[in-house]
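> Need coordinates for the below:
(2 chains)
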Amino acid sequence: MASPVHQFVIQELIEFEAVGMNLSFTNSALWMLLAIVTSTVFLSLAMRKKELVPGRMQMFAELIYEFNAKMVRENIGSKGRIYFPFIFTVFMFVLMGNVLGLLPYSFTYTSHLAVTGALALVVFFAVIAFGLINHGLKFFSLFVPDAPWWILPLIVPIELISFFVRPITLSVRLFANMMAGHIMLKIIAGFAVAASGMATWGFLVGFAPAFIGTLMMLFELLVALIQAYVFAILSCVYLKDTVELHH
Amino acid sequence: MELEAAKLIAGALAMLPAFGAAIGLGLYFKAYAEGVARNPQAKELMDKNFFLILAFIEALGIIPIGLGAAMLFG
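Numbers count the residues shown, from 1 in each chain, chains lettered A, B, ... in the order given. Okay, here's the model as predicted:
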């Protein structure tokens, strides 16, 4: 029986060498493609008719849109509208990655630190870039709160550390949630298989872990949705500093 | 101490912080339930960041589990 970590192995589907790098098309890239295709097809199909009284699909698409729009409006304010497409894309990408990853025999690309790290770094450098563009050097006043001067030598390093730890926590949170969740699912499934193979009547014993497995699957679906939401809302909160400096 | 034994011990030890996260989640839901019981109007305000705080507490618990699993099976 494959070890629980076997599901995270990346297999190259189409070998492709270029510029000395291994740019082969892997199952991770395949599932990213699937995630993008399903979300674009679903959203364009849903918004095809644009009726005033929305049908079921259109209502679901509007639900996703409203959910993100409210999140951006609340956390970045009206000036944050320019970030809405970015936040919506990040949300859909992470959401589709997590949800598609729950399908059997699928591959969860968000369970790799490389992918979540890349997403977190994109947000991190976007914050720095937009912060410098909008506020120039005043952006660094972010690290100097209006505290009495004698306490600044203590506060500034803390602000700096908390700023630079953001991409780390952002990426490791999503990565660890997805990886640990899937490992747990695989282990429980392993129990079900082992229990049912134990004795002649072991077939009935196998139902207990299988039942727990379905509960865990539901819990994993909840974790998938929450992690996508948290990744998006934290990106909003981090992007808020680029719109207006709070001190 | 062979590497294998050390890896197993490290993996097991790395998963202990989940104990704290479980307590944290319990306390958070207790505070949430009490808050709503005391003042039902505040429910809407408390729901605003409900999932965000939930994810923070769970993150503190699941990051060590993730690293522990990485060590165990890594």
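> CA only for contacts and neighbour counts going forward, please
Noted.
> and the helix or strand where A:Cys236 lies, what does it pack onto?
Here A:Cys236 is covered by helix A:207-243, with elements defined by DSSP states H and E. Counting by 3 or more CA pairs under 8 Å, 6 or more residues apart in numbering or on different chains; DSSP states H and E, the packing neighbours recorded for helix A:207-243 are helix A:56-76, helix A:84-100, helix A:113-135, helix A:166-196, helix B:50-73.
> Can I get these in CSV including mean neighbour count and mean pLDDT?
CSV is the format used below for those (neighbours: other CA atoms under 10 Å in any protein chain shown; pLDDT from 0 to 100):
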stretch, mean neighbour count, mean pLDDT
helix A:56-76, 17, 90
helix A:84-100, 21, 93
helix A:113-135, 17, 90
helix A:166-196, 22, 87
helix B:50-73, 20, 83
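> closest to A:Phe42 out of the ones you listed?
helix A:56-76 (8.2 Å; CA to CA).
> now that closest one and helix A:207-243, what's the angle there?
On the basis of axes from the mean of the first three to the mean of the last three CA atoms, to 10 degrees, helix A:56-76 is oriented at 50 degrees to helix A:207-243.
> Point out the other helices and strands that helix A:56-76 packs with.
helix A:27-46, helix A:84-100, helix A:207-243.
> Could you give the separation between the terminal residues of stretch A:11-21?
With CA to CA, to the nearest Å as the measure, stretch A:11-21 spans 16 Å from end to end.
> what's A:Gly101 sitting at in phi/psi?
Taking degrees, to the nearest 10, you get phi -70, psi -20 for the backbone angles of A:Gly101.
> err, A:Ile10, not the other one
When read as degrees, to the nearest 10, the backbone of A:Ile10 gives phi -90, psi 120.
> distance of the residue nearest the centre of chain A from chain B?
The residue lying closest to the centre of chain A (CA atoms, centre = their mean) is A:Val94, at 3.5 Å. Per CA to the nearest CA, to the nearest Å, A:Val94 is found 15 Å from chain B.
> close enough to count as contact, that residue and A:Ala228?
Yes. Between A:Val94 and A:Ala228 there is a contact under CA atoms under 8 Å: 5.4 Å.
> For chain A, which residues are neighbours of chain B?
Applying CA under 8 Å from any CA of the partner chain, we find that chain A lies next to chain B at A:Val5, A:Val172, A:Arg173, A:Phe175, A:Ala176, A:Asn177, A:Met179, A:Ala180, A:Ile226, A:Gln227, A:Val230.
> want to throw these into JSON lines with distance to A:Trp150?
Converted to JSON lines, the residues of chain A next to chain B look like this (distance: CA to CA, whole Å):
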{"residue": "A:Val5", "distance to A:Trp150": "51"}
{"residue": "A:Val172", "distance to A:Trp150": "35"}
{"residue": "A:Arg173", "distance to A:Trp150": "35"}
{"residue": "A:Phe175", "distance to A:Trp150": "40"}
{"residue": "A:Ala176", "distance to A:Trp150": "40"}
{"residue": "A:Asn177", "distance to A:Trp150": "41"}
{"residue": "A:Met179", "distance to A:Trp150": "45"}
{"residue": "A:Ala180", "distance to A:Trp150": "44"}
{"residue": "A:Ile226", "distance to A:Trp150": "41"}
{"residue": "A:Gln227", "distance to A:Trp150": "40"}
{"residue": "A:Val230", "distance to A:Trp150": "36"}
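> For A:Ala194, see how far away the closest residue to A:Asn68 other than its chain neighbours is.
Using CA to CA, 6 or more residues apart in numbering or on different chains and skipping residues adjacent in sequence, the residue nearest A:Asn68 is A:Phe88, 6.2 Å away. Remark: distance between A:Phe88 and A:Ala194 (CA to CA) = 43 Å.
> For A:Phe8, grab the count of nearby residues.
Using other CA atoms under 10 Å in any protein chain shown, A:Phe8 is surrounded by 16 other residues.
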